[in-house]
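[1] Please work out how this folds:
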Amino acid sequence: MTSAEWKKRCEEEWSLQGAPMPDSLDWKSVYEAKPLGRNLLKNPSPHGLSKDTEPPEPELPEFPDRGPPRFQPDGDFTGWTTDVEVLPYDRGNIPEGVVICALPRYSWFTMEQIVDLKAEGLWEELLDEFQPEIVIQDSYEESQLHKNIYQLNVKLLGADKSTVISEHSVSPTEDCSVYSHSWKEVSHVFSRYGHGLRYIHFLHRVKNSFLNGFHQTRVTGSSVTVQLVKSSA
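    Numbers count the residues shown, from 1 in each chain. Reported below is the predicted structural model:
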């Protein structure tokens with residue numbers, strides 16, 4: 001097939017009528033990349049869990065773990081850059097005179113990726129002129145380890161990977177007064193974000209704890225998709 005034929009195929013199959021489609025693009029490569037409507041994040045469920053199934057109940061060990069505190073969760077984090085931040089002991093709510101035998105040791109576990117939109121098959125004219133919607137979705141486990149167990153930060157970045165074109169952050173507060181253990185979904189749509197978008201920085205982190213064993217908050221179904229919906233002026 002010629003480049004013009006690949007271009008026509010992309011236009012018809014993806015309903016690109018009205019979107020800028022320069023002849024200079026390698027439309028065969030664009031078609032094979034299929035950048036629209038697919039998840040651009042690698043390894044979106046590193047804990048091997050699905051949001052369509054309730055998260056597993058925590059396993060209680062037969063004997064408490066008295067060993068050194070553990071802060072690294074189980075999982076396959078291929079494709080993610082990870083980091084652990086161990087937090088100081090929280091003694092703020094302990095009444096005066098109360099003797100404490102043990103306290104949970106909390107830590108944040110951070111996972112992040114940078115998506116190169118052009119490398120994924122998108123083109124500058126589409127991003128700058130059409131400005132398709134960028135849809136962010138994520139699910140985190142309602143672990144009830146703490147009132148703050150999840151944070152999300154997504155940045156739309158320019159070609160230098162540092163200029164922030166648009167940003168969205170989430171840091172919910174959990175209600176731990178009633179037991180609940182399910183997935184909580186988070187979503188956001190970027191639109192009308194302006195010219196220059198080339199990269200997306202996706203970062204989320206979850207709070208884990210160690211007290212007589214390791215207790216974690218898991219995530220699943222993380223996604224960044226580009227939808228062919230034109231941002232209105």
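[2] ok, S166 touching F190?
    Yes: using C-beta atoms under 8 Å, S166 makes contact with F190 at a distance of 5.6 Å. Heads up, the C-betas are built off the backbone N, CA and C, glycines and all.
[3] any common contacting residues for these two?
    L156 (C-beta atoms under 8 Å, 6 or more residues apart in numbering).
[4] Show me what the helix or strand hosting R9 is packed up against.
    For R9, the enclosing helix or strand under DSSP states H and E is helix 3-13. Contacts defined by 3 or more C-beta pairs under 8 Å, 6 or more residues apart in numbering; DSSP states H and E place helix 3-13 against helix 27-33.
[5] chain center to the helix it packs on, what's the gap?
    Relative to the centre of its chain, helix 27-33 is centred 26 Å away, using C-alpha atoms, centre = their mean, to the nearest Å.
[6] Sheet partners, orientation included, of the helix or strand following it?
    Counting by DSSP H and E, the next helix or strand C-terminal to helix 27-33 is strand 81-86. The strands beside strand 81-86 in its sheet (DSSP bridges) come out as strand 105-116 (antiparallel).
[7] Mind listing what's buried along the partner strand?
    R105, Y106, S107, W108, F109, T110, M111, Q113, V115 (16 or more other C-beta atoms under 10 Å).
[8] now stretch 142-156
    142-146, 149-156.
[9] ok, now stretch 6-22?
    W6, K7, C10, W14, L16, A19, M21.
[10] How about residues contacting it?
    For stretch 6-22, the external contacting residues (C-beta under 8 Å, 6+ apart) are 1, 23, 25, 27-28, 30-31, 36, 123, 125-126, 129-130, 228, 230.
[11] try it again with 7 Å
    W27, K28, V30, Y31, L36, E125, L126, E129, F130, L228 (C-beta atoms under 7 Å, 6 or more residues apart in numbering).
[12] which one of the residues you listed is nearest T220?
    L36 (23.3 Å; C-beta to C-beta).
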